[in-house]
Each structure stands twice: as C-alpha cells, then as structure tokens.
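J.: build me a structure from this.
(4 chains, ligands or ions: 6)
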Amino acid sequence: MFILKEIGIILGGPQGAGLETSMAILGRALTRKGYGVIADREYFSNITGRHSYIHMLISSTKLPRSLGYPVEILASIDAETVFTHFKDVAEKGVVIYDKNQLDKNIDNVPSMEDYTRERIKIILARLGVNPTIENIVSYLEKERNVVPIEIDFISIIRKITERFKIDPRQASRYVSGLIVSAISIVIGLEEKFVRYGFEQQFRERRHLIEHNMALYELVYDSIATFRNIVKVDAPRIALNKLMILTGNDAIAIAKIIAGVRYQSYYPITPAADESFTIEKYEYNEVNGKAVGPIVVMQTEDEIAAICSAIGASLSGARSSTATSGPGFDLMVEGISFAGANEVPVVITYYQRGGPSTGQPTRGSQSDLMNAVFAAHGEFARVVLSSGDHVEAFHDTVEAFNIAEKYQVPVIHLLDKFLANMIASVPVPDIDRVKIERGKIVFSRSNYKRFDLSNLISPRAYLGADNIVMWHSGDEHDEYGHIVEDPENRLKMYSKRIEKMKLVLEETPSDIKMGVYGDKNPDYIIVGWGSVKGVALDAIEMLGDRIKLCYINMKLLWPFPQKEFLEIVKDIPRDRIIAVEHSHGVNIASLIAMSTGITIDRKIAKFTGRPITLNEFIEAIEKIVYRNEKRMVLAYGA
Amino acid sequence: MFILKEIGIILGGPQGAGLETSMAILGRALTRKGYGVIADREYFSNITGRHSYIHMLISSTKLPRSLGYPVEILASIDAETVFTHFKDVAEKGVVIYDKNQLDKNIDNVPSMEDYTRERIKIILARLGVNPTIENIVSYLEKERNVVPIEIDFISIIRKITERFKIDPRQASRYVSGLIVSAISIVIGLEEKFVRYGFEQQFRERRHLIEHNMALYELVYDSIATFRNIVKVDAPRIALNKLMILTGNDAIAIAKIIAGVRYQSYYPITPAADESFTIEKYEYNEVNGKAVGPIVVMQTEDEIAAICSAIGASLSGARSSTATSGPGFDLMVEGISFAGANEVPVVITYYQRGGPSTGQPTRGSQSDLMNAVFAAHGEFARVVLSSGDHVEAFHDTVEAFNIAEKYQVPVIHLLDKFLANMIASVPVPDIDRVKIERGKIVFSRSNYKRFDLSNLISPRAYLGADNIVMWHSGDEHDEYGHIVEDPENRLKMYSKRIEKMKLVLEETPSDIKMGVYGDKNPDYIIVGWGSVKGVALDAIEMLGDRIKLCYINMKLLWPFPQKEFLEIVKDIPRDRIIAVEHSHGVNIASLIAMSTGITIDRKIAKFTGRPITLNEFIEAIEKIVYRNEKRMVLAYGA
Amino acid sequence: MERKWDYKTSLWVDWCPGCGNFGILTAVVKAFEELGLDPSKTVIVSGIGCSSKIPHFVNVNGVHTLHGRAIPFAMGIKLANPELTVIVHGGDGDLLGIGAGHFVALGRRNLDIVVIMHNNGVYGLTKGQASPTLPLGVKTKALAKPNIQQAVNPILLALASGYTFVARGYAFESTHLKNLIKMAIKHRGAAFIDVLQPCITFNDVFTAEFYRKAIYKLDDDPSWDPVVRKPEEAREKLLKSIEKSLEWGDRIPIGVFYVNEYVLTFEERLNKRLYKYPAINPSNATIEINGKSILSQQEFEELFKDYIVVVER
Amino acid sequence: MERKWDYKTSLWVDWCPGCGNFGILTAVVKAFEELGLDPSKTVIVSGIGCSSKIPHFVNVNGVHTLHGRAIPFAMGIKLANPELTVIVHGGDGDLLGIGAGHFVALGRRNLDIVVIMHNNGVYGLTKGQASPTLPLGVKTKALAKPNIQQAVNPILLALASGYTFVARGYAFESTHLKNLIKMAIKHRGAAFIDVLQPCITFNDVFTAEFYRKAIYKLDDDPSWDPVVRKPEEAREKLLKSIEKSLEWGDRIPIGVFYVNEYVLTFEERLNKRLYKYPAINPSNATIEINGKSILSQQEFEELFKDYIVVVER
Ligand SMILES: Cc1ncc(C[n+]2csc(CCOP(=O)(O)OP(=O)(O)O)c2C)c(N)n1
Ligand SMILES: Cc1ncc(C[n+]2csc(CCOP(=O)(O)OP(=O)(O)O)c2C)c(N)n1
Ligand code: SF4
Ligand code: SF4
Ligand SMILES: [Mg+2]
Ligand SMILES: [Mg+2]
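T.: Ligands and ions are numbered 1, 2, ... in the order given. Sure, this is the predicted structure:
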C-alpha cells in the first residue's frame, strides 16, 4: 500500500458498546500527533443494541472538512457492521473483525432491520457471496485485495478481566479500547499517543488507563504482523494547538463566551448535549473572574423553554434555548411573542430528519422554511446558519449580538451532522469575540419601551431603577399598553418589521455569506450549513476540470439579496447549482422569492446521512457533463 | 336626496350594547324585502364597553361584495361613535344620535383609547370644531349638509320599561331594537319587515317581539318627519330565497353537509363561533335521516385539538378543527404528524392580526407563509382559501374531499373579515356537493398501511375487521413500523411529498383559482381570500377607464404554477398588482418562488380593518396613473 | 380460553437487556391474551420515548404518536369509535412532563381509556435526564448534579385529576401487573396505572434491587378496600387513597388505590346529548350516499331554516 | 406608612361593570401599597383573558404574555433576576386549561413566585365557554348544553403539585384577599391563591349572590392551623388541607389551606450549585468588558482545557 495523505475509517458496532468513547480517544490521540481529524457519528434512535458507526477521516496535510467512500479501514465490533459496510472498504483496505463472529449468518442478526437485511441479502446474492462473515471476509480478500485482520475479542478481554479482577459483566466496557488499539496499531500510531488518548478520556477513572494500556499490549501482540499496514503520511499541519470537539460543544462553549446566562431546554436529540455541556460550566472562576452563574433550566416542555428564555431576557440576561424540529414547532407561538415585544433571544435549532419524530438521530436541512416562516403575523427575525465548527463558534456570538442589537429573535439554524460531528479545529481567537449588547437604558423617567421615534426601541431590563414598563402580546402603544387604534397599529407593526433593513445594512458581509473557489467559475454551487465542507473539498478536487465557486449562505433571513445578486450577476442561470440535505432543496425557493433567480439544477439528499465527497463529485459531474437537473444522493448506511 | 341603488350604514356603540343583534335583525328584515346585504363587524378584544360598530351596505340591485366610504347613515348609540365616525358620513347623509349625549365632550369618553382621542382631537381642531357631540352635529349639518336625527333614547326606553313592567336594569337590552327601528324608519322599510326581523331574532323569547314592536312605534312617532328621508330603490334582485349568515356559519353548515363527525376546538377568536354552530346541530333527524352525531369537543388546548382530530380521523371520522394564528402555531407539530402518517384532517384557519396575541378581533391575511411552511420536515399539505361566503361553503366540502382523497392535512385559510361578516347569499345548491372519501380498505389480509406500490396509500380505519396496522411519527416501513434504513427512507419520504403532484393534476381549475374581468386587461390584480369582493367591485367600477382582471387565488399550496403562468403570460410584469391584508403582500413571494415572476406593484393593508372600495380604487389609480409601486392603505376606524 | 390471536409481533425488541419495559410488555400481552381482545378492535396509543415503542411489539393496532400527546390522540380515536379498546402507554416524561396538561384533562373527562405509565424516573430515550418522577436531590449516574426539581406524585395527581381507577404496578411483578391491566381495561372510565420500571442504563438509584426491597402489595392487607361501593363513600375512599399515595421510600405500595364506577363516563355523558351515541358514532354514521349529501335540497333548507329568508315581494 | 408610589395606572379598566376582577384589582393594589413594593422591582406577569389584562391597570412592571404561558415567562424573569417580586395573574382557563402543565411544573420547583388565579368558571374573553373549574352538568347562560367535563379542583391540584402556600380568596372580600396576597408575597416558595371571581356577563350560576351565601372563612375556626410548624408535620397538614379542599357547594371555605416553609426554594437549590446565586445572577453578572470577552485567550484555554490538545511533534 502507498503512503496515504489521508485515510478513512469506519468503526461500527452496537449502540451502547462504546463507539463514542472510541471516537473521542482516537480523535484526541491522532490530534496529539498532529493529524487533522473529522468524524461523523451515525446511530439509531435507540439506547442499546442497534447498529451505530463512526465514519472518520484522518489527514496528514489539513484539517479535514468532509467524508467520503470508500474507506481504508473497516473496524467492526460485531457482525452487523461487516454486513452493513463491507462494500465500503477500499481496494487493498483492511477489515478488522472479531473471530467469534466468523460463522454468523445475516439471518441471525436480530438487531438488523428486516428492510436492510433483505437489501443486503440481495447485494450479496448478486455477488454470489453467502451471507456469513466468513464468506464476506474471504470475498473481500479475494476480490478486493482487502487485508483481513482477525482478533479474538473474547479471549483478549477475558485476559484483561482476569488480570485486573474485573467483574465479567463489565467486560463489554473494554471493547472500545480494544478497537482503538487495533486501529492505532494498524495505522502505526505510536503507543505514547494511544496512552495520551486513554489518559484524556479516563482522567477521572485513572485505573481504566492502566487497563486499557494492558489491553493495547494484548492487541498489539495479537496483530503485530499488521502493524502500520495502513501507511499514513507524517502529519505536516502547521498548528501546535487544536481543539477537538463536537458541534454541540463548540456552540456550548461559544455561548458561555458570548455571555449566555440563561439557557433553557427540554431534552431532545441532537440538541440536549449542548445544554449538558453548558451545565458542566454553569459556574467557574478563572483567575478570580466569575464565569457565570449560568442558569441551565430543564423545563417541562419546549413551550416553557422558549417562554422562560424570553422572560430571562426581559430581566436582562443573555438568553437562549436549543432544540430540534419537534421542539421548534412548539416554540413558534413564543417566538411570535418575542417578535411582537422586541425581545432578544437566541434559538439554536439543530435540524434532524422530519416530519414528526422522523429520524430523530439522523441529519437534515429540511427545516429552512420552518425557521424562516413559521409563526403567525409578520415581524423581524433573523436566521443564521453555520458551515462548520469554527463558523458555528463565531456565529453563536454573533447571534446574541444581533439579537440584542436589534431586539429580535435569532434562529441559529444548524443540523445533526454538525451537532454530533467531532472535528479538530484551530483554537478560536478570543480577541475576535465582540460582545455587543445594543443600546440599554438603565434609568429614565417617562420611559417608553416601544418609543416610535427610532426603529430600535430603547431597551431597559425589568428591575431597572425607577423604570416601570409594560409588555403585551397584543398590539401596543409606546408604553406597551394594549391599543387597537389603526394608526398606532400601522406605525408599530411597520417599525417592528422594518428593523430587518438595519440588519441587512449593518451586518458585515462575511456573516452574510462566504464565497470560495474560482473567481471566474463555470458553475456556482449554492448551499448552506453542513454542505460547506464537502462542497469546498469538491471544488478543490474538481478544480482542474471544472472551475467552481461555492457560496456558503449564512444569513438566511433577511436574505442578503444585494450581495447574492452581485456574486451571481455574470453567471448564466442554468449554471447555478443548489445543494441541500432535503427533498426540495428549499434554499432555491428562498433565493427565487428574494431575488427572482430560479435555480433548477439541484442536488438533494434526504436519507438522513451526510453528503459524501464521492457522491457529490459524481453529482456535479453528471450535472455538468450530462446536463442532469436533479440529483438525488443516497450513499451511506 | 336622490334615490340610491345602494346605501352604506354605520351602526356604532359600546361592545355589549347589542349591535350584533341589531345587525342580525336588520339583515334579515332587509333580506326579507329582497335587498342584498353585507355587513362587517368591528370590535375590540373586550366584552363590555369598548367601541364597536357594524359597517353595512344595502343594495337594491345585487348581493353586495364590498364596503366603502362615505356612508349615508351614521347611527350612533353613544357619543364615541359620533366622535369616531363623523368624518365618514356622506354629504347629505344622516346622523342618528342620542339627545342625552349632546353635551358630551371627547375628554369624557373613557372607553376611547388615548391614542385615538388625541388623533381625533387634532382632526377636530383643524376643522375648528369643539370636541362635543353638539358641535360635531352642527358642523355636519352646516358644512356637509348632513341631516341630524335626534332621539331621546332614555325617555323612549323608559316608556317601554314602564309599559311592560321591565326591570330598569334590563333597559339596555332595548337599545338594539331602538337603533334598528330608527334605521328602518329612515330608509322607509315597511313595518312588516321590521316585525319579521324581530320575529326571527326573538323566536325563543316571543315577548321581546311585542316589546320591540312597541319600541318601533315610539321611535316612529319620535322621528316620523324623517321617514324615508334616505331613499333606496326598490329591490330588484332576482332571487326569492336567500341565506343570511356569517362566514363562520357558512363554514359550520358546510362542514355538517360535508359529513364532519368530529370537530375539536379550543376557544379562540374568530374561530370559536364556527364550533358553536356545529355544536348546535350536533345531532338532528331530518325526514328520519340522522344528521350526526357530531362530536364537538372543547379540548384543553390547541395541541389536543389537532391531535384528537387526527386520532378521530384514524378511526374513520371526517375530522376537523378550527383556530386562528396563536392556536395554529401550537398545532404545527401535530400537522407534521398528519403529514408523516398520511392522515386526512382539515384545519380551518381564520387569520387575525398578529404577531402573538396581536389584534385578536381584527382581520388580516398575514399568515399565508405560516400556513404553507410551518412545520419541520417536508410533506404534502394543501392550503386552500376562499373569497367569499359561497366559495367558503363549497371549499369546505372540497377541503375534506382533498384531505381524504390524498390523505393529507388540508388547511382552509380564511380570515376574520369573512368569519364575522354577515352576507345575504344564494342558497347553496346541495346537488353540487360531492363527497369523495378516497379509496378505503375495509378488510384485508397482509394489510400494509403505507404500501409503496402507489402514491396513495390504501386507507383503512382503526377497527376495520381483521386489519391490524401501525402508525408512527418516526420514519416507517409499509406496515407503519419504525425503520431507519436509508433506502426505505428515500422511498417513503418521496412518496409522501410527491402526492402533491396528484393534487395539482387532479384538482379542477375553478378550485385552483378564479379569473374575473377583462379578457385583455391592462393590469392584472392578484389576490386571495377577502380581497375578492372589493377587487371585483373595483374592476367593475374602473372598467371604463382601466381594463382590469382579477385573479382570485384559491389553491395556494401546492401552487398552481402552470395555470397561473397561462393567465399572466401576455401581461408585462410591471402590470401585475398583488393585494393582501398584510405588510409583506406575501402572495407575491409565493408566486415568485413558484413561478419566477417577481411582482413589485403591491397594495398592502395591515391596520386590521378590511380594504374598502374607495381606498382600493384610489390605490389602483395611483399605481396606474402615477406609477406608484407600493400602496399602504389605512382607511377605517 | 382458546388462543385465537398471537399478541406479539415478530419485531426485534430494541430495549436494553434487563429493562423493566420487558416486564411490562409481558404483562400487557398476557392481559390481552386472557381477555381475548380482538387485535383489530384494540389500539395501543403511545407517545415518544423508550416505553412508547411498545405498540410495535404488540400485535394489535398501534399508534405511536408525538412526545406527550398520546392522550389527545387516544381521545380522538376513542370518541370517534367508542367500540375500540384504547390503551395509552407513555413514559413518565411523556405523560407527566410535556404531557401533564393532557393527563389532567383526561381525568376531568373520565373517558373510557386506560393509561399505563412506564415510570423509570428518567428520560430514557434522550439519555437519562431527570424525569418528573425523580425525587429532589437524587443523582443518578447520567446526571451531572443532583436533581433540582421535586417529584410529582403520579398517583396523587391522577386522583386529584379525577381518574376513576388508579393503581400502581411493578414491571417485574408481571402477574400482579397483568391483573391490574385487566382490571383497568374492564373498568368503565379513565384508568391509570403507574408502573415502576427499572431503567438499567440510566437509573442506578431506583433499580430492581431497590424495588424488590421496597414494594409491598396493598392486597396483602385484607382491610384495604379501594372500591367505592356506594356513591356516598367516594369522598372517604378518595381521602384514604390519597393518604396511601403519600407512602414512598422504604415501603412502596403496589396494587389498586381507588376505583369509582359511579362517575358517568364521557361516553355516557355524550349519550345524553347525542342520543344514539355510542351505537351510532363518528366512525360509523352515514355521511354520504353515492358521493352525495345525505340531505336533499329541501331537507337542507329545512335543517338550516334559521338562516334562510324567503323574499316577500 | 408613607405612600411613595401610586399603584394604579391611568388606563380605563375595560372589564364589565360588576366584574369580580375589580375586587381583585383593589386587593392587589392595596396589598402592594401596604407592602410598599417598589414598582420598578415588581413584575406582574399574566396570560391572556379578561383577568390577564390586569398588569395594564397596575403601576408596576407588567408582562402580558401568551395564553397559558404566564408561569414559564415568570420563571425566566425570576430566575434571571431573583431580586424581583414576581406575581402571576391568570384566568382559570389560562392556568388550568391550556396552562395546566406549567401549573404542575411550578409546584415541583417551589420557585418564589405568587400565582393568583381569577376563577370565574368560564372563558371570559372568548365569550363564556366552560372553563376547567366549571362543575360537570352546570349550564351557564352562554352554554348551549350543560358542561360535559368535570371541574378540576384548583386547591387540590396545587397541593398535589407541591405548592408550599395554598389559599383561596373571594374577589369581593377585598380585605381578606388583600391579606392573602400579602402573605403569599411574603412566603418563600411557590404560592397559589385561587380567587373566586364572579363573571357578571357569562356565569349566572356562580354569582356574587351564590358566593355570598356559600363562602365561609377558615380563620373563623380557631382550631384551623394550616401552617407546617415543624417538618414532621408536613404530611399530616397536607392531608388535612386536602380534606378541606374537597369542600364545595353550600359551604366553600376561603383562607389559607396550607403553608410549608420547610421545602427549599428553587433559588436555594440553585445556590447549592451556583454558590453566589442569588446575589450574583444572570441579570447582574458581568459578561463583557468593553465589548470583549471577560476571559483572555489564556484563560479561555484554561477553562476549556478538556477540549484542547497540544500537538506533540
Ligand atoms: C416535542 C418533543 N420534545 C422532545 C422530544 C425528545 N424526546 C424523545 S423521548 C423523550 C423523553 C423520554 O422520556 P420518557 O417519556 O420518560 O420515556 P422513556 O424513554 O423514559 O421511556 C424526549 C424528551 C421529542 N421527541 N419531542
Ligand atoms: C393559544 C391561544 N389559544 C386561544 C386563545 C384565545 N383565548 C383568549 S382568552 C381565552 C380564555 C380566557 O379564559 P380564562 O383564562 O379563564 O380568562 P378569563 O377571560 O375568564 O379571565 C382564550 C381561550 C389565545 N389567545 N391563545
Ligand atoms: S434506556 Fe432505560 S428505559 Fe430505555 S430501554 Fe434502556 S433500560 Fe429501558
Ligand atoms: S366577561 Fe366576565 S370576567 Fe370578563 S370582564 Fe366581563 S364580567 Fe369580567
Ligand atoms: Mg421515563
Ligand atoms: Mg376564566
């Protein structure tokens, strides 16, 4: 095998077997050595037993942005993983599997969905392979030159439990370390990095470090012949310090830095982890400075989450909530109250597969129109999206700034891909963080909360000395008292909507959108959110054949019509391609309504799995070379 | 005064004084004589004391469709009415007022909002009129040739209470009859029609008929000199039988005829009256046929309203709910469940002023985007609107048909104007009513609720013999069991969305839109819902100067792109005018996104009051003759 | 009894091994078997959560709805077709957190529905946050800090809300639980069973061991009679059961707390207004004849005569 | 006491003449006066309904929110600035219909908020539909048919939910009500007052005449002591007050049903985690210095060191 600049890995096993732990250990270990790492986590809406997997990319030259197929290493904890992913292993790749599973037949994998089983059986039948692990492994070996690496999971773990006198019922805890060890050995990661990974992970349970290092040695002995069989180049990324975190964590940390002091939530995938992280940091002192207190409130439902966040904002706290589609739906009425009363509040909205409960643990970008248009009546709202962890960090701060400067609800529209993806990223530059709270009134006589003389109302917090004020969801006068007079209505209603103009005028262009790639492109790709990474990699890879430019839309509402038109002014309409993790590719609708530009080249994916580089490139090629209009992608298990 | 073909009337007084009763009595009496009647009801979100009024039009030649200013008759119960509406009385019109209010100063009208008071004071000051009733009446008489008709309310009602030994605390009950009498006398309506009005109204409290007729005679004596001072032509409408009802009632009746058997609601203005009417008819037998039983369920909130309606539909009932903006917001998650599980359900959505509580008793069309786009995830939904009572009747039936044929949630998008407007309309032709329930399976082995072999799933009701089925808000397989397989996802998700195509293909064009006016117009006006009446009257009135055509959009989603493009294909883009009771005139956005046509001539009104004919004509003229782009209307108190 | 139907589906049950939900599933299936319920006339309605997956594992109609909303869905199903046996399953978060408003409302209606609550003290499916039944100050392993909210008492809340059958079962006392479920189904009116359910993955405080020690059966006390035997007894029996509901900790009673058959069911109340209900009901009433309204033009005008005006020339 | 503030706004009060809300308004204003509350440190939070218009008539901060949601809004306001006196006003529909879930949740938190419920048995502002407190079978004049749902018992529900101060007042017993309000405001923890409020326009059953005859004061019985005087008494006192809460009809008790100061307030619970809370709290904690983060780059990296990896070449 050649020395590779980057390698893809799939680690698979049943939910609950510790894959997340493996991902964290491996991610830290690799980053420690200086590699760039990214990893997507795919799992069912289930706590124990269903198939889950990590799809990881390790790069020696850059911080990776996207994932693709095939992968060099398939590391399986169970038979289901092999059945599910065998076809994704690269020619000359590696498959790691448990010896004890060799004779497992696909019909004896109850955790597999019937639909999937039938589908895979057909594939195997076409290949003429009997549906057992043994047959698949030998098929891979023979037909695809894949190197099989067999490990006896049971006997290795038994040795550990015996050596350390561990209750055998705890044995399964060691599977994650075993798989980390195996992968490390196969890619030749030095022991000290593996140890670092274990140390970081088990800081608070130090005995586990020792156990896992012992495990590492046993695995080493067992597969020593395969050491460094997959050769990845030495890292040459010019960064000495990195953060490795999920999107949830990036946003949680950003919220803390932005000064959130009230975060409400009702548990929901994939948003809850954000609140959990904030709660971990609810009060800290650093160099004698208090960071906090942050009240992190688990409410009785999402309605209470949004309403209490609005209440906290009225009292003067930077305030936010986090949810996904079903929860957002319940927040809509509350958001309309924030709109009517000009209350700053940030709603972090992680999209997952809908409608209804949909695919709770899978990703999507199908809620764009919901974020922009849900709620009765018209009022100013801002919808902001982020293309990756670093953007998400800074946009989170920006979301609070916009909310407070314009006294509007801001929806930060993200997705499950970002939420659960871990990535190694540069440490954010804290100096870049600006905290703008807008104009605040601390004490005033004859205070008018909704003064009509300016588009931005003078904001005072409840409790401000000598200030008494009213808020009402009913149409109100400058004091906040209910008034139904038509002239007052006309002024107050217009004022609230027309703030949107200020947002458009004053928001810096890099918050509105990012433009990447060729200055004189043949085609322009438009997307937002989690499309960014794969799009940037694709334009780079296709660069010598097709000149591409990617517009990463960030300010989705109000739509930055002027800037968008400026960028696309010279390109023929049929050379714009819109991409989205949805069926409708709804960004195209938003563009049409905001600019009159109709985009009919579209790339859609709505299986709940992220767009991978291989299929994306293929789709672009089909559009460019074969004049396809609509590409529906479906790669990934 | 000339003999008029039609006359406008304003009846005003405090909320709770019986204006609605006056409207009902007068409406029936006038219809009995053969006049066409329409009346808008304006009132505060208040039970007793705030200013409310009826704006009515009586026509001798047609069933009127819109209202306008100025009015021939201002009939006031209190001083506030005179202050609020004096400027709306036509030259040579009539003002009816209570003698006891003559010296009332505007500063002594506590029920008037401060904002309004100041506004009116400025107007009066400019006219040089002191703010008392006396001064206003004499101003009207001198400067505007208005005929003042003074009535001593107190003494007349005292006579009645004394004659019939009525508890004086009940005296206020007679105000509505008094004002009906006065108007009837002024327009020369014969006594028998007045009696008919009272008889219909007080069917169940017959003594009130006698009291009110006595009252009529007293009023007659008191203002006999003014008998028939306002001359309206004899009716010449060729209909012998009419219905007179509100929009709420028209829809309630239509639901009963359509076969609704479960209607859920949580009280909210202006939707609750619909459910109240259905409940009145919850079970009846006509010629031995059972109409019902209809379970009309007041739920604990709107979430329970939509969820229970979906549940009832699963059991096989034609099922619906009715609400307005705040309630709809709460239903969004439920609607997404209906979408995901292909459950037919009708949501009757009466728009009122938003956002938040907004203007709960005023009208708007500002919820279009909410109706079309609220809810996470993508799925088929249908949004249908109606331009008037007759349309609303038939569309209600159609809404159920569409819901059941395509197994989708249907949102019937109406507004407060229609809901509370009473109108005399032809009796609907019951033969036109078609009830289509779609394909139903009553018993089958190996039943698959979500069979993928057809875009329309085979529907069975819960309880069908030998059928067991599952529904899940999670993505599911053909049986309704949760499945996360990506291929199944792709198929099932697409299937649900692609039903929309069938709706577009199969819906008759008159349900999609109505086109009125000139075949070769200079300008095309596009609107929907309650814009229809005023638009049709305007194109008629402007017909000799500007050739106009009106497109009454009815099927709002899926948007009937093809038909729309066909109609506008020959008209320059700058000759299309969009009209809506909203700030954004959002139908233009929906058109832009669906057809690529950008409309930038817009007429907007968002004071909560309906667009009146006078201002609408003026706006069209300004657009046509002065090249104005955006007209914001604001007429009406 | 001849076993006509198989009440288990072939689906793989994806709860964690050792989860209390398995015990509940067994009891449900056994109860249905013993009652011989017709699967096509029986409906399990659930919310969202680990527990709410149960309809897929039982071979009767299943409606797996939205988080917290099983009760309103069930209400619509039942009102439209009162001949169905309708059973709601939900988690403690589902029914007493986001769904508490509906839980209270069902009590006020006494609709003939059974509500079975899988009470595991946590939000299982979202990875172990505190649920509304976890007591103040308890720190399970998934929590970073001890629980900051008090527990709601499900039995007390059900009694306060008007449920006319209130009981508590334990997931791993399967026969006892099965009997409670049978009684609840046979009861006319709103029935509630609070089922103590160990969550092996997230709740390391209220474990099977804990419950094994703490629970005792109300039945074991021969003087315990929770049934209102004449209307006048209702107040006193209610008070007794409320008193009993306050027991928690070392000694946790399971069994029937309260039964009152003297409150009219919602179906009976509707019957007073809709006369032929429940025999004729929304699911079986005729609404069209050959695609036409059941009313002729004349009948329509007769029915809605209040709105019709005949012009008098 | 010197009267520093005027607690009435100049707005016209647009309730129906004779409405019980006037009595409640008087009592509130008087209570505030006697407590000398600083209007700028006091907040009335309300839902939507006739009753919920009250903040506009009182000259302290007013937040007139969404139907049923006053409690969560109030929670956010109070948690963010625990120094505010926060009082929730709502209708019976607002708090026990659409808002019942929040009502229950507040009890579980024992947050230091007062909830005053205007109990008129109807949905006033939407024209008189039955509210959750209207008893089964009652037909008020706005109803076409007798009420088909049972009433929820607000006192019992509050007790079951964990409120630590529970009382009932009557709108037209203004002084008595004023005293209840003062006690509730002074109480540390979640306080609930059920205020019987005649609706002159829609409720012709539970009228002022009706109440005048039916109500009696708990205070009049010298043996009535609702206050938990030591923790061990809580259970017994709770049971007594529950028993009392069942009285309704000819004899309706008003006064204090239950007071328990031994339950930690939510603020106190938070203090255990956030140490300086409530003194330092979300409304007054520093979040920026001259528009910059309060942390330097180094401090940032220190705080989040768990996420940082230093590359080892
Ligand atoms: C509106 C909404 N909010 C949140 C969620 C996320 N969610 C899924 S299951 C669950 C809670 C599960 O807890 P519980 O009801 O106790 O059931 P268990 O899993 O413990 O059986 C939540 C909050 C959701 N599906 N919908
Ligand atoms: C989400 C929502 N649903 C319904 C309404 C309509 N609504 C306004 S006031 C009200 C009920 C009022 O009853 P209650 O809370 O008892 O207050 P009251 O008027 O009797 O004081 C309702 C249902 C609303 N504003 N918002
Ligand atoms: S997480 Fe708990 S409740 Fe859910 S399946 Fe596992 S053990 Fe059962
Ligand atoms: S309707 Fe009833 S509650 Fe509302 S203001 Fe009038 S009397 Fe008071
Ligand atoms: Mg639970
Ligand atoms: Mg009320």
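J.: may I have the phi/psi pair for the residue positioned nearest the centre of chain C?
T.: Among the residues of chain C, the one closest to the centroid is C:V115, at 0.5 Å (Cα atoms, centre = their mean). The phi/psi pair for C:V115 (degrees, to the nearest 10) reads phi -110, psi 120.
J.: tell me which residue in the stretch 151-300 of chain A sits closest to ligand 4.
T.: Nearest residue of the stretch 151-300 of chain A to ligand 4 (Cβ to the nearest ligand atom) works out as A:E300 at 27.8 Å. From N, CA and C alone the C-beta is placed, and that goes for glycine too.
J.: now do the contacts for that residue.
T.: A:266, C:97-98, C:100, C:132, D:101-102, D:104-105 (Cβ atoms under 8 Å, 6 or more residues apart in numbering or on different chains).
J.: what's the closest non-adjacent residue to it?
T.: Residue nearest to A:E300 in three dimensions, not counting chain neighbours: D:A105, with 3.9 Å by Cβ to Cβ, 6 or more residues apart in numbering or on different chains.
J.: host element of the one you found?
T.: Secondary structure assigned from DSSP states H and E places D:A105 in helix D:100-109.
J.: in contact with the residue nearest to the centre of chain C, which residues are there?
T.: Taking Cβ under 8 Å, 6+ apart, one finds C:71, C:87-88, C:90, C:95, C:103, C:106, C:163, C:190-193 in contact with C:V115.
J.: nearest to chain B among those?
T.: Comparing these against chain B with Cβ to the nearest Cβ places C:I71 closest, at 7.8 Å.
J.: and the closest one, what does it touch?
T.: B:304, C:88, C:90, C:95, C:99, C:102-103, C:105-106, C:113, C:115.
J.: helix, strand, or coil at it?
T.: Of the three states, C:I71 takes helix according to DSSP: H, G, I helix; E, B strand; the rest coil.
J.: tell me the spacing between it and ligand 3.
T.: C:I71 sits 20 Å away from ligand 3, taking Cβ to the nearest ligand atom, to the nearest Å as the criterion.
J.: grab the nearest non-local neighbour of that residue.
T.: Nearest one to C:I71, counting by Cβ to Cβ, 6+ apart, is C:H102 at 4.0 Å.
J.: list the contacts for that neighbour?
T.: Residues in contact with C:H102 (Cβ under 8 Å, 6+ apart) are B:300, B:303-304, C:68-69, C:71-72.
J.: what mean pLDDT does the helix or strand where C:A167 lies have?
T.: Using DSSP H and E, C:A167 sits in strand C:165-170. For strand C:165-170, mean pLDDT rounds to 98.
J.: quick one: the helix or strand C:L156 falls within near chain D?
T.: Per DSSP H and E: C:L156 is located in helix C:154-161. Yes. Contact of helix C:154-161 with chain D (Cβ under 8 Å from any Cβ of the partner chain) involves C:156-157, C:159-161.
J.: who's in contact with the helix or strand encompassing C:E236?
T.: Using DSSP H and E, C:E236 maps to helix C:234-245. Residues outside helix C:234-245 that contact it (Cβ under 8 Å, 6+ apart): C:153, C:155-156, C:159, C:166, C:218, C:226-228, C:253, C:257-258, C:260, C:262, D:239, D:242-243, D:246.
J.: what does stretch A:501-516 give?
T.: Applying Cβ under 8 Å, 6+ apart, the contact partners of stretch A:501-516 are A:380, A:382, A:384, A:387, A:391, A:395, A:398, A:402, A:405-406, A:408, A:455-456, A:532, A:535-536, A:539, A:549-555, A:558, A:560, A:562-564, A:567.
J.: can you flag the buried ones in these?
T.: The neighbour count (16 or more other Cβ atoms under 10 Å in any protein chain shown) marks A:380, A:382, A:384, A:387, A:391, A:395, A:398, A:402, A:405-406, A:408, A:455, A:532, A:535-536, A:539, A:549-555, A:558, A:560, A:563-564, A:567 as buried among the contacts of stretch A:501-516.
J.: let's have the contacts of C:H102 in a markdown table, adding distance to A:I294.
T.: Listed next are the contacts of C:H102 as a markdown table, based on distance: Cβ to Cβ, whole Å:
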| residue | distance to A:I294 |
| --- | --- |
| B:E300 | 34 |
| B:I303 | 30 |
| B:A304 | 34 |
| C:G68 | 27 |
| C:R69 | 31 |
| C:I71 | 35 |
| C:P72 | 35 |
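J.: now those in CSV, with pLDDT?
T.: Formatted as CSV, the contacts of C:H102 follow (pLDDT from 0 to 100):
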residue, pLDDT
B:E300, 98
B:I303, 98
B:A304, 98
C:G68, 98
C:R69, 98
C:I71, 98
C:P72, 98
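J.: now the helices for the stretch 51-200 of chain C?
T.: Ranges of helices in the stretch 51-200 of chain C, per DSSP state H, counting those that start in this stretch, are C:70-80, C:92-93, C:100-109, C:154-161, C:174-186.
J.: nearest to B:S222, out of those helices?
T.: helix C:100-109 (53.3 Å; Cβ to Cβ).
J.: in the closest one, which residues are buried?
T.: Using 16+ other Cβ under 10 Å as the test for burial, helix C:100-109 gives C:100-109.
J.: tilt between the helix holding C:E236 and helix D:234-245?
T.: Computed by axes from the mean of the first three to the mean of the last three Cα atoms, to 10 degrees, the angle separating helix C:234-245 from helix D:234-245 equals 160 degrees.
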